[in-house]
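*Asks:* Next come a sequence and a model predicted from it.
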Number of protein chains: 2
Amino acid sequence: MSEAPPEGLFLIIEDDALFGRVLARALARRGHRVALAATVEEALRLAPELAPERVVLDLNLAGASGLPLIAPLLAIVPECRIVVLTGYASIATAVEAIKLGATHYLAKPADVDAILAAFAPQPPGTQAAPPAQPLSVRRLEWEHIQRVLAEHDGNISATARALRMHRRTLQRKLMKRPVRG
Amino acid sequence: MSEAPPEGLFLIIEDDALFGRVLARALARRGHRVALAATVEEALRLAPELAPERVVLDLNLAGASGLPLIAPLLAIVPECRIVVLTGYASIATAVEAIKLGATHYLAKPADVDAILAAFAPQPPGTQAAPPAQPLSVRRLEWEHIQRVLAEHDGNISATARALRMHRRTLQRKLMKRPVRG
DNA sequence: CCCCTGCGCGACATTTTGTCGCACCCGCGC
DNA sequence: GCGCGGGTGCGACAAAATGTCGCGCAGGGG
């Protein structure tokens, strides 16, 4: 077990134990070797010894963002490909993640095939087509909030002030899942 | 304020002539030199001679995607920073754009300050948050609605469908005054 | 003339806010 | 240790905003 992985090992960094195990099992069933980490610390502890080839990284790890994990992971295992998977997807964090070196960024729910596909190197000629419809008002609001929130380093109070909205309201909006569209 | 030197030339690649000119004027008023291109061809023709330092790139250029422009632009002017600005934002195209080398990706109702900020290096919590006051959620919503409404030639029903909001709600929002801030 | 679509608006049940208040953590200077 | 200032999470409740239904009315085809 302590040998260098001959075949690509998956490291799933996932807060939600249930989801993590389901994903792990699904990947294992497809013949992949899988490891699971539930916290930032655990991930950083496991990464050096496992040297995972592919990482599925959840953001929102017990309240802490998973974004800051990307750089350290790449420092430890430069070759590894990291796919970010989050239930609170936003353009702001997507841009950040990719800039930090993530391979791809997916919104939950995402099926296993989509996750695996995200690791695959650029399927040729796969230019993402712009959506036919503009963002819904709700979605746009979510994106804007995420952007401003990021600008304020996740400080909810400061963000609420910047957006001139009540902190309580912002809290509530952040708890909800981003609407699709 | 240590403003960026007026050296850097902006190249705005924008389909919508009105929006393009407004943006160009806003940037010019802040002491930047600005050029405007309305099509992919024009952009590629202008890029070599202008060697823009910063590019504002709209996706949806007369139906064609602006994404394929990123690579050629970077090939022509390797140093230039490209901010994608689109009215049809999506996480998928955002990821694509960043992977292709774009500096940032913004959804369209974006004020000039946000656009300028997007060119700044920033990531690891550098300088204290610039006093750039983001648009309030209300204001953002208003701008977005107006944009989509214009795209649908003032058709309220169609706009409501596009925004996936109830026509009655849209009517009510339109009756109110354009909130500011 | 009928049908379809868009517009404006009343009425009413739901949701979402705005607002207060309170408890609980820090980090900091005294 | 202690008080203070700021941030966070969350309950409670009244005040708005929104979702929904349902008219009536206006064009424009077929």
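*Replies:* Looks like it came in fine.

*Asks:* tell me the secondary structure for A:Leu11?
*Replies:* Following DSSP: H, G, I helix; E, B strand; the rest coil, A:Leu11 is assigned to strand.

*Asks:* Dig out what it forms beta bridges with.
*Replies:* Residues in a beta bridge with A:Leu11, per DSSP bridges, are A:Ala35, A:Val55.

*Asks:* How about the lengthiest helix in chain A and DNA strand C, touching?
*Replies:* With secondary structure taken from DSSP state H, chain A has its longest helix at helix A:137-151. No. With CB under 7 Å from any atom of the strand as the criterion, DNA strand C is not reached by helix A:137-151; the gap is at least 7.9 Å. C-beta here means a position set from N, CA and C on the backbone, and glycine is covered the same way.

*Asks:* That helix: how far from the chain's middle?
*Replies:* Centroid separation for helix A:137-151 versus its chain: 17 Å, with CA atoms, centre = their mean, to the nearest Å.

*Asks:* again with stretch A:34-52
*Replies:* With CA atoms, centre = their mean, you get 15 Å for stretch A:34-52.

*Asks:* what comes into contact with that stretch?
*Replies:* A:2, A:4-5, A:8-15, A:17, A:20-21, A:24, A:27-28, A:61-62, A:64, A:66, A:68-69, A:72-73, A:76-77, A:80 (CB atoms under 8 Å, 6 or more residues apart in numbering or on different chains).

*Asks:* hmm, 7 Å instead?
*Replies:* Stretch A:34-52 is touched from outside by A:2, A:4-5, A:9-15, A:17, A:20, A:24, A:27-28, A:61-62, A:64, A:69, A:72-73, A:76-77, A:80, with contacts defined as CB atoms under 7 Å, 6 or more residues apart in numbering or on different chains.

*Asks:* Now the buried members of the residues you listed.
*Replies:* A:9-15, A:20, A:24, A:27, A:61, A:69, A:73, A:76-77, A:80 (16 or more other CB atoms under 10 Å in any protein chain shown).

*Asks:* of those residues, the lowest pLDDT goes to which?
*Replies:* Checking pLDDT across the buried ones among the contacts of stretch A:34-52, the minimum falls on A:Leu61 at 77.

*Asks:* tell me the phi and psi of it?
*Replies:* When read as degrees, to the nearest 10, the backbone of A:Leu61 gives phi -90, psi 100.

*Asks:* helix/strand/coil for the closest residue to A:Leu61 other than its chain neighbours?
*Replies:* Nearest non-adjacent residue to A:Leu61, counting by CB to CB, 6 or more residues apart in numbering or on different chains: A:Asp15, 4.7 Å away. Following three-state DSSP, the label given to A:Asp15 is coil.
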